[in-house]
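Enquirer: have a look; sequence and predicted model below, questions after that.
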Amino acid sequence: MPQNDPQDFLSVNPIFSREGEATQIPKYEFPESGMLPKTAYQIVHDETMLDGNARLNLATFVGTWMDDNANRLYAETYDKNMIDKDEYPQTAAIEQYCWKMLAGLWHSPDPQGTIGTSTIGSSEACMLGGLAFKRLWQHKRRAEGKSTDKPNLIMSSAVQVCWEKFCNYFDIEARLVPISEEHKCLDGYELEKYVDENTIGVVAIMGVTYTGMYEPVKQVAAKLDEIQASTGLDIPIHVDGASGAMIAPFIQPELEWDFQLERVHSISTSGHKYGLVYPGLGWVVWRERQWLPEDLIFYVSYLGGDMPTFALNFSRPGAQVVLQFYMFLRLGFEGYKKVQQTCQDVALYLSHGISEIGPFELWNDGSDIPVFAWRLKEGHTDRWTLYNLADRLRTKGWLVPAYPMPDNLGNLTVERIVVRNGLSMDLAGRLLKDIQDETAYLENLSAPMPVEQEHPGFHH
């Protein structure tokens, strides 16, 4: 590539630059000299402008909006380092307030006496829950004089990629139970074929990333009870509640999925998803302190005493923890219930509207978390695919992903909408109209759309 290829440089608008200042900045090399703050700001501002409107991103679960008071708190606390509990003792105390609130929300038998922590996101929280499983299993096996060479963890094939990372990084066999048309998520079916003495735990997902469906934790726990009765194997459950753990307590309070089930030892969630906080923040809480092995806990000085800490990361932001406390105080239980119910109302409105568009069939309708997916009816057309619809919607500003389902359903493509706080019924009406219009456009094609390159699997 030529040395002066314009693609290698960032251009500076002359309006913002000072006399004698460089008007081209290399993209991939450290600049030789600096520039006015306003000039640097404008360059970066113009670059990020190309990202599009985050409010119209219906692919992500991650929050994209907070109110002005939250933004003010963020600006006041973005210099707080969560790991410095001695320097920022009140931020450390706020962290405890939050996870103890969550422990109570999730029916821990002793919310004040158990243990939990904030994390960078729910991926780290999942890994901490998995590490506790592995270490407890190792202790038990060693006490029995047995090998600890081949631990395995059981989960759905539709599990979020963080669990595959966990198993890879920490030398654990991932036993993936395939989903199917008959068993759309991990429901306990044939679970006995996957469990053995090396099983450290089972992961149940409250809000499968692919589709938004709840896995029936109570049903999975009952199956594990049966397995224990016949084999003696006592297998714990970690609930990956990245989304659902901040939905179910508020709008599905009758559902038994949390620490009401004794087999559930730990629960993780994302504060930055339906916890309504900016990225990145996660939480993990244990049912009782005994389920987090003591040798995984480090103690740091805090207010003249010792504060337990358990994390994969060291320095990390404290501002999001402060924002979570703000949201808990601002909304309370009733406020969260109204927000989550509104999101579900929008999801049900959209799924119903899409189900009435001729070519589509719902996979689920958003009655678990406010997320749903649909597919083309089998044999409906050979002229276009859901990938074409996703591309057409992108021209209107909407990011509505299409992707193949996992493993033995890999030949099935679905499209999915995540309804978050901020997608109003008015915006949803506009989205539904755009889906109807773009579907009509594709239906009127007289010849097949050009075949695109193979689409990758889903990792979002």
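Expert: Received it, and whenever you're ready, just let me know what you need.
Enquirer: which residues touch the residue nearest to G275 when sequence neighbours are not counted?
Expert: Take G275 and drop its neighbours on the chain: the residue closest to it by C-beta to C-beta, 6 or more residues apart in numbering is M246, 5.0 Å away. Glycine gets a C-beta too; all of them are placed from N, C-alpha and C. Contacts for M246 were tallied using C-beta atoms under 8 Å, 6 or more residues apart in numbering; they are T269, S270, K273, Y274, G275, Y336, Q340.
Enquirer: contacting residues for the fifth one?
Expert: By C-beta under 8 Å, 6+ apart, G275 lies in contact with G63, M246, T269, L281, W283, Q324, M327.
Enquirer: same list, those, but as CSV with pLDDT, distance to T381 and secondary structure please.
Expert: Listed next are the contacts of G275 as CSV, based on pLDDT from 0 to 100; distance: C-beta to C-beta, whole Å; DSSP: H, G, I helix; E, B strand; the rest coil:
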residue, pLDDT, distance to T381, secondary structure
G63, 89, 36, coil
M246, 98, 38, helix
T269, 98, 40, strand
L281, 96, 43, coil
W283, 98, 44, strand
Q324, 98, 46, helix
M327, 98, 45, helix
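Enquirer: output the residues you listed as a markdown table; include the columns distance to A40.
Expert: Below are those laid out as a markdown table (distance: C-beta to C-beta, whole Å):
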| residue | distance to A40 |
| --- | --- |
| G63 | 28 |
| M246 | 38 |
| T269 | 37 |
| L281 | 28 |
| W283 | 36 |
| Q324 | 32 |
| M327 | 33 |
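Enquirer: follow-up on the earlier one: okay, and which of the contacts of M246 map to strands?
Expert: Judged by DSSP state E, strands contain the following of the contacts of M246: T269, S270.
Enquirer: highest neighbour count among the contacts of M246?
Expert: With neighbours defined as other C-beta atoms under 10 Å, the most crowded of these is T269; it has 31 neighbours.
Enquirer: which non-adjacent residue is nearest it?
Expert: T269 sits nearest to A245 (C-beta to C-beta, 6+ apart), 3.9 Å away.
Enquirer: got it, and L224?
Expert: Using C-beta to C-beta, 6+ apart and skipping residues adjacent in sequence, the residue nearest L224 is I235, 5.1 Å away.
Enquirer: what about the strands in the stretch 301-450 of the chain?
Expert: 305-309, 360-362, 371-376, 402-404, 413-418 (DSSP state E, counting those that start in this stretch).
Enquirer: P216 is nearest to which of the ones you listed?
Expert: Evaluated over those, closeness to P216 peaks at strand 371-376, with 16.9 Å, by C-beta to C-beta.
Enquirer: now the closest one and strand 413-418, what's the angle there?
Expert: Inter-element angle recorded for strand 371-376 and strand 413-418: 150 degrees (by axes from the mean of the first three to the mean of the last three C-alpha atoms, to 10 degrees).
Enquirer: tell me the pLDDT at T199?
Expert: With respect to pLDDT, T199 scores 98.
Enquirer: follow-up on the earlier one: I'd like the strands of the stretch 301-450 of the chain as JSON lines, with mean neighbour count appended.
Expert: Conversion of these to JSON lines gives the following (neighbours: other C-beta atoms under 10 Å):
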{"stretch": "strand 305-309", "mean neighbour count": "14"}
{"stretch": "strand 360-362", "mean neighbour count": "16"}
{"stretch": "strand 371-376", "mean neighbour count": "24"}
{"stretch": "strand 402-404", "mean neighbour count": "20"}
{"stretch": "strand 413-418", "mean neighbour count": "24"}
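Enquirer: gap between the two ends of stretch 367-374?
Expert: 14 Å (C-alpha to C-alpha, to the nearest Å).
Enquirer: what's in contact with it?
Expert: The contact list for stretch 367-374, computed with C-beta under 8 Å, 6+ apart, reads 61, 206-207, 210-214, 243-244, 247, 252, 274, 340, 343-344, 346-348, 350-351, 354-355, 360-366, 414-420.
Enquirer: next one: phi and psi at the closest residue in space to D240 that isn't next to it in sequence?
Expert: The spatially closest residue to D240, leaving aside those adjacent along the chain, is I205, at 4.7 Å (C-beta to C-beta, 6+ apart). Phi and psi for I205, reported as degrees, to the nearest 10, are phi -110, psi 120.
Enquirer: neighbours around I205, how many?
Expert: Using other C-beta under 10 Å, I205 has 26 neighbouring residues.
Enquirer: begin at 246, not 1, for the rest of this chat.
Expert: Happy to do that; since the first residue is 246 now, the last one works out to I450.
Enquirer: ok, it touching Q405?
Expert: Yes: in this structure, I450 is within contact of Q405 by C-beta atoms under 8 Å, at 7.5 Å.
Enquirer: what touches both of those two?
Expert: With C-beta under 8 Å, 6+ apart, I450 and Q405 have common neighbours D485, A487.
Enquirer: quick one: low-confidence parts of the stretch 496-645 of the chain?
Expert: Along the stretch 496-645 of the chain, the parts satisfying pLDDT under 70 run over 546-552.
Enquirer: show me where it has its helices.
Expert: Using DSSP state H, counting those that start in this stretch, the helices found in the stretch 496-645 of the chain span residues 564-600, 631-639.
Enquirer: buried residues in the first one?
Expert: Pointing back at helix 564-600 there. For helix 564-600, the neighbour count (16 or more other C-beta atoms under 10 Å) marks 564-573, 576, 581, 584-585, 587-596, 598-599 as buried.
Enquirer: show me where the stretch 296-445 of the chain has helices.
Expert: All helices of the stretch 296-445 of the chain, identified by DSSP H, counting those that start in this stretch, fall at 313-322, 334-350, 367-388, 406-414.
Enquirer: from the contact counts, what lies against the longest one?
Expert: For helix 367-388, the elements it packs on are strand 361-364, helix 406-414, strand 444-450, strand 482-485, strand 509-515, strand 527-531, judged by 3 or more C-beta pairs under 8 Å, 6 or more residues apart in numbering; DSSP states H and E.
Enquirer: quick one: which of these is nearest Q252?
Expert: Comparing the helices and strands packed on helix 367-388 by C-beta to C-beta, helix 406-414 comes nearest, at 31.6 Å.
Enquirer: any idea which residue is closest to the centre of the protein?
Expert: Computing the C-alpha centroid of the chain and ranking residues by C-alpha atoms, centre = their mean puts A487 first, at 4.9 Å.
Enquirer: how about that one, nearest residue that isn't a chain neighbour?
Expert: S367 (4.2 Å).
Enquirer: report pLDDT for that neighbour.
Expert: 93.
Enquirer: now swap in the one 3 residues further on and tell me
Expert: What the model reports for A370 is a pLDDT of 96.
Enquirer: what about it, how many residues nearby?
Expert: 32.
Enquirer: ok so, going back, want to throw the helices and strands packed on helix 367-388 into TSV with distance to N302?
Expert: Output for the helices and strands packed on helix 367-388, formatted as TSV (distance: least, C-beta to C-beta, whole Å):
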stretch	distance to N302
strand 361-364	23
helix 406-414	19
strand 444-450	22
strand 482-485	22
strand 509-515	16
strand 527-531	20
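Enquirer: compare the ones you listed and give me the one nearest S392.
Expert: Closest among the helices and strands packed on helix 367-388, using C-beta to C-beta: strand 444-450, at 13.4 Å.
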